[in-house]
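Chemist: For reference, the sequence and a predicted model appear below.
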Amino acid sequence: MGPLHATAMIYSGKPILPLELIQKLLDYLPVSDLMNFAKCSRRLKEMVYDDSRWIKKLKDMGIWNEEEARQRYEEAMAARKAERDQRRATSVAGPQGSGNDGMARPDSMTIFDAGEEERRQKAVQQDKERRRLEFEKRRNTMTLPSGITIQSAGSASLISMATPALAQSSPPPIQGPGSILAVFDNIVSARGYARYEFGKIYGMLAPLYFNLAKARTHTDPILFRQFREPEEQAIMLAQLKIFARADSSQGWRDRLDRLESMTSIFENAALREFEGGYEAQDIDGRMKRYAQVLIHLNGGQAAIQLFVQKHPVMFERERLGNPMDCFDAGALGEFTTQPVIEFFTRLSTLINEQANVIDRVFPETVNVMIPFLERVSEDVIGEYVTPILDEAHERDGELYLQAVGGLFQQLRQFSGSVARPKQSGTEEQYRKKVWQIMTRVFEPHVDLYLQEELDHFKKKATGEVDEWNEKVTEADAATVSLLMSGINREADKRDFLSTFKKVILMPVQAIPLAPFGIKTGSSSNKSLEVTTANLVIQDQAPSRSGTPVPGSDISRASTPVTSTVPTTELAAKAAIMNSRLEGIRSLFSIEIALKLLHLAKTSLERAGQFARIEGQTGEESKEQCEAIFITLLQVLGPSHIKAGFDKALAHLASYNPREVSHTTLAVAPLVTFLELVNVGDLIQQMVDVFYEQELVAMKLTDKNDFLNPAAKEKKKFEKMLDEMVAAGLDRGIDVLMNEVDWLFATTQQAMDFNPGIMTIPGTIGSSTGGSGSGEVAKARPFSMSFVGVFKGGGVASSSSSPRVSIAEQEKTNRMSMPFAAPRDFDTAPTKTAVRIVETVASHTALLNGLADKNVLDVFNHEVGLRLFTSLCKHIKRQRISIDGAVKLITDINYYHSFITTLKLKHLQPSFNALRELSQIYLIDPSHAKQMAAIIADTSRFGGIFRVEEVYEYAERREDWFTVKREVERAMYGFGLCVVM
């Protein structure tokens, strides 16, 4: 703008227009007026010849390539830089000095080199001449209609038009790349040359463009007389439409409308010829020729639409098949896909025949098959599928789901059978495009189908679980009814009255009777025990092969089998409890889980087909597949598994080992609960496999997305199952420890740890009364409780015996016991220890392979700690002699060996301390000081037992009252005593 502002100095006294306004006005001037405007002055010429103005016109026509222009500019700059560097290197290497060293003198310097300046000016002139020759060469290769010339005026090439004599001239020949029919193919995108490139286009097309704009009828334009062939006329009309985009001068809209009118007349005439060839089946003649003409004109969209609309398949859809045949051909209420298969087979044959015609008529640059398939999918396939789906939905929901799945599957097979024309690109691209077209048929039905699929699965899954629960409830009610049917209410009433009468008339000092409702007497108790034992629930087979079950004679059954129906309410309730405990395994089943997984798999296979559709439909289908999986977990988890575990925990909570028969080593409710845990573990594994194969592998969900609803629900399901198993295992440990305590109380004989005990004849546990299996052998130790001695088989009273010291009394007791047991130094563990270890070991082994190592270690650790606690309590209830200490140490070593097999280091210190503790019972009474030192040594027991606790254990010595004073004197000093 600097030179333009300088022009203001010439006309300083006259008003001038702003430069911005001048620039805007130039945009609306015709090209001929621009050339005249440029002649006014050198400054205005520079404004007109500005390269950006002509680049804009080329961009409006859509033939300027900015990337190519940038590349050419960079190459020119690189060449110019290389040339400049070369000249600089030549100028530096001047004549050498005459010194001995051959080097120029450092004090010599050239201020102006006339030779160098001459070489530079010569190079500039050569560059200009080269550019002029290149332009002249390109201009001479152009073939223009007569009357159109490019003239030179001064130093610039101006575009001008001579008087046209086009009416008398013959049409120019079509020659090479410089022909007027390929004028746009010879345009070069190069900065600094935009005006020259536009000049070539303007010089060739402007005369024809302005002549056509002045024509009144379709016979007036010179274009149609100069170019006789329809192909040439179509090419020229298409080029004129492109050239018209750069026309921004006054009247451009009228000229454009006239060009559009002439183009429309020409297109209609070509379409009539194409339609005539189609009706005459002149495929390789008129159809192919005028298809090419229309493609040259505007891409051939009109010919493609006519070809698609005229196809007979659009008007003869009834011949392909009747939609209602899918329902009428099969049984009532069923859907068959055979008519659908026949429909798509006929349609595929017709389309493949049409693909051959397309290859013969249209060139490879035009894709005709895709628009044809779009019309077929909308007017033929859509009109066939929609009535089927509507009818199926009205008849039945499940029938509707089957129809959707069957139709979509057949549509997928049909899309793969359509032949690929040569115009359709690669095989992969063509199949992908055809599949996208075919899936549009189901887009109006996808939302309804997905919701129906989810509702149907939820209804079926809930129905399966409710039916299972109803069967279990009915079976439980039948069992209760059967077991309670033998109760005689009148007999119970009479028994109650007779028992009440006996209680009233019995002396006050008599021992208490059994609770009301239970017949007192050994025969009644024995009958009750036999009746209860006969009501063991049996199972036909374990829930999982290879599950270790302690006790080979545990019988199981899914239904109660009774040899004798209980006749008392207590016996009936005991039998019901046994039935429920043994029936824990039936609270949920693998069969139900398999049914639910099968239903979910069927639904996912149908809904997953739509997930392959790209776009919103595919995403909605994936979300619905995840919703189906979430529904599966919600029905299978809280509604089935959790409810079963809750009932199992309630049954375990009501278990009492004193109310059931013990015929084996196994704790029946714990074994059955662990089998239930086994079933739950199998179900979780099935869910994991289902999730990986049906959702992750099919790309219906992303398991790495922690916010994914399906992944979150799966983790919630696993957490629920872990919590239920943990609660059951905790309750199972309680049941197992109750069983251990019961074994300690009922099987441990008093003489096991105190062989010198006195058994009173005629009492419970004596040789005369005997002790049967499962009864408690009660013995009374001959110790401080008897202050008298046996004389003549009787017991003397305390008042008739002289007062003696405690030591003398104990010595007299040992010497005068007629029924004292012999000294026993058997090193084998007691039957109680063996049975407890077998019981605990068999139940801990049930979790091997059932849970992971962490859960197994936690379970075994808790069992070990609880066993240690029960063993400590049991020792505090015993009276242990020096001879019996051998048995105690043997039992504790046996327990220690079992704990070692669990391989839990945290448990071993406790049992090691217990082994050390058992040594205090071996110390002779004469070594009371050493005993006191051991009791007071806190480091001996590793911090497991405190001094006060060790003292409590020492009190369980059989001779404690003999050594108590000496021990206390050694521990606390003379004259002091321990206040307990």
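Modeler: The structure has been received and is ready for your questions. Numbering: from 1, shown residues only.

Chemist: drop to CA atoms for contacts and neighbour counts, all remaining ones
Modeler: Fine.

Chemist: How is the residue nearest the centre of the chain assigned, secondary-structure-wise?
Modeler: The residue lying closest to the centre of the chain (CA atoms, centre = their mean) is K703, at 3.2 Å. Using DSSP: H, G, I helix; E, B strand; the rest coil, the structure places K703 in coil.

Chemist: Mind pulling up the pLDDT for E74?
Modeler: E74 carries a pLDDT value of 89.

Chemist: Name the residues of the helix or strand it falls within that come out as buried.
Modeler: Applying DSSP states H and E as the criterion places E74 in helix 66-92. Residues A69, R72, Y73 are the ones in helix 66-92 that count as buried (16 or more other CA atoms under 10 Å).

Chemist: what does the domain assignment say about this structure?
Modeler: Following the TED database, the chain resolves into domains at 217-455, 569-747, 831-972.

Chemist: Please report the distance of L34 from W252.
Modeler: 16 Å (CA to CA, to the nearest Å).

Chemist: Show me which of those two is the more surrounded one.
Modeler: The neighbour comparison of L34 against W252 (other CA atoms under 10 Å) goes to L34, with 19 against 16.

Chemist: what's the pLDDT at the nearest residue to the more buried one once chain neighbours are set aside?
Modeler: Nearest residue to L34 in three dimensions, chain neighbours excluded: V48, at 6.7 Å (CA to CA, 6 or more residues apart in numbering). Model confidence at V48, given as pLDDT, is 87.

Chemist: Number of residues surrounding V48?
Modeler: When neighbours are defined as other CA under 10 Å, V48 has 23 of them.

Chemist: Pretty sure it sits against A38.
Modeler: Yes - between V48 and A38 there is a contact at 6.0 Å, judged by CA atoms under 8 Å.

Chemist: Kindly list the longest helix within the chain.
Modeler: Ranked by number of residues, the top helix in the chain under DSSP state H is helix 443-484.

Chemist: Measure how far that helix is from the centre of its chain, please.
Modeler: 26 Å (CA atoms, centre = their mean, to the nearest Å).

Chemist: So which elements touch that helix?
Modeler: In terms of contacts (3 or more CA pairs under 8 Å, 6 or more residues apart in numbering; DSSP states H and E), helix 443-484 is packed against helix 397-417, helix 569-582, helix 590-608, helix 616-636.

Chemist: can I get the ones you listed in TSV with mean neighbour count, mean pLDDT and distance to T901?
Modeler: Compiled in TSV, the helices and strands packed on helix 443-484 are given as follows (neighbours: other CA atoms under 10 Å; pLDDT from 0 to 100; distance: least, CA to CA, whole Å):
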stretch	mean neighbour count	mean pLDDT	distance to T901
helix 397-417	18	89	57
helix 569-582	23	55	30
helix 590-608	19	90	33
helix 616-636	21	91	38
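
Chemist: Output the ones you listed as JSON lines; include the columns distance to R225.
Modeler: Output for these, formatted as JSON lines (distance: least, CA to CA, whole Å):
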{"stretch": "helix 397-417", "distance to R225": "49"}
{"stretch": "helix 569-582", "distance to R225": "105"}
{"stretch": "helix 590-608", "distance to R225": "63"}
{"stretch": "helix 616-636", "distance to R225": "55"}
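
Chemist: which residues sit against stretch 719-737?
Modeler: By CA atoms under 8 Å, 6 or more residues apart in numbering, the surrounding residues in contact with stretch 719-737 are 637, 641-642, 645-646, 648-649, 652-653, 655, 667, 670, 673, 677, 680, 840, 859, 862-863, 866-867, 870.

Chemist: And the helices in the stretch 701-850 of the chain, which stretches?
Modeler: With DSSP state H, counting those that start in this stretch as the criterion, the stretch 701-850 of the chain has helices at 709-747, 806-815, 831-844.

Chemist: Any chance of those in a markdown table with mean pLDDT and mean neighbour count as columns?
Modeler: Formatted as a markdown table, these follow (pLDDT from 0 to 100; neighbours: other CA atoms under 10 Å):
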| stretch | mean pLDDT | mean neighbour count |
| --- | --- | --- |
| helix 709-747 | 88 | 19 |
| helix 806-815 | 45 | 14 |
| helix 831-844 | 89 | 19 |
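
Chemist: how about the strands in the protein?
Modeler: 148-153, 156-161, 790-791, 794-795 (DSSP state E).

Chemist: any idea which of those scores lowest on pLDDT?
Modeler: Minimum mean pLDDT among the strands of the chain: strand 790-791, a mean of 30.

Chemist: List the residues that contact A461.
Modeler: A461 neighbours (CA under 8 Å, 6+ apart): L596, L599, L632, V635.

Chemist: same thing but at 10 Å, please
Modeler: For A461, the contacting residues are 455, 467, 592-593, 595-597, 599-600, 631-632, 635-636, by CA atoms under 10 Å, 6 or more residues apart in numbering.

Chemist: now it: how far from L636?
Modeler: 8 Å.

Chemist: Just give me how far stretch 725-738 sits from the chain centre.
Modeler: On CA atoms, centre = their mean, the centre of stretch 725-738 falls 34 Å from the chain's centre.

Chemist: Make residue 1 into 51 and carry on from there
Modeler: Renumbered: residue one is now 51, and that last one reads stretch 775-788.

Chemist: can I assume E282 is in contact with L231?
Modeler: Yes - applying CA atoms under 10 Å, one finds E282 in contact with L231, separated by 7.3 Å.

Chemist: Now distance to G466 too, for the contacts of A511, in a markdown table please.
Modeler: Converted to a markdown table, the contacts of A511 look like this (distance: CA to CA, whole Å):
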| residue | distance to G466 |
| --- | --- |
| D505 | 32 |
| E517 | 44 |
| I642 | 39 |
| A643 | 37 |
| K645 | 34 |
| L646 | 33 |
| L647 | 31 |
| L649 | 29 |
| A650 | 28 |
| T681 | 34 |
| L682 | 34 |
| V685 | 39 |
| L686 | 39 |
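
Chemist: looking at this protein, which helix or strand is least sure?
Modeler: Lowest on mean pLDDT, DSSP states H and E among the helices and strands of the chain sits strand 840-841, with a mean of 30.

Chemist: rewinding a little: confidence-wise, which of the domains of the chain is weakest overall?
Modeler: domain 619-797 (a mean of 82).
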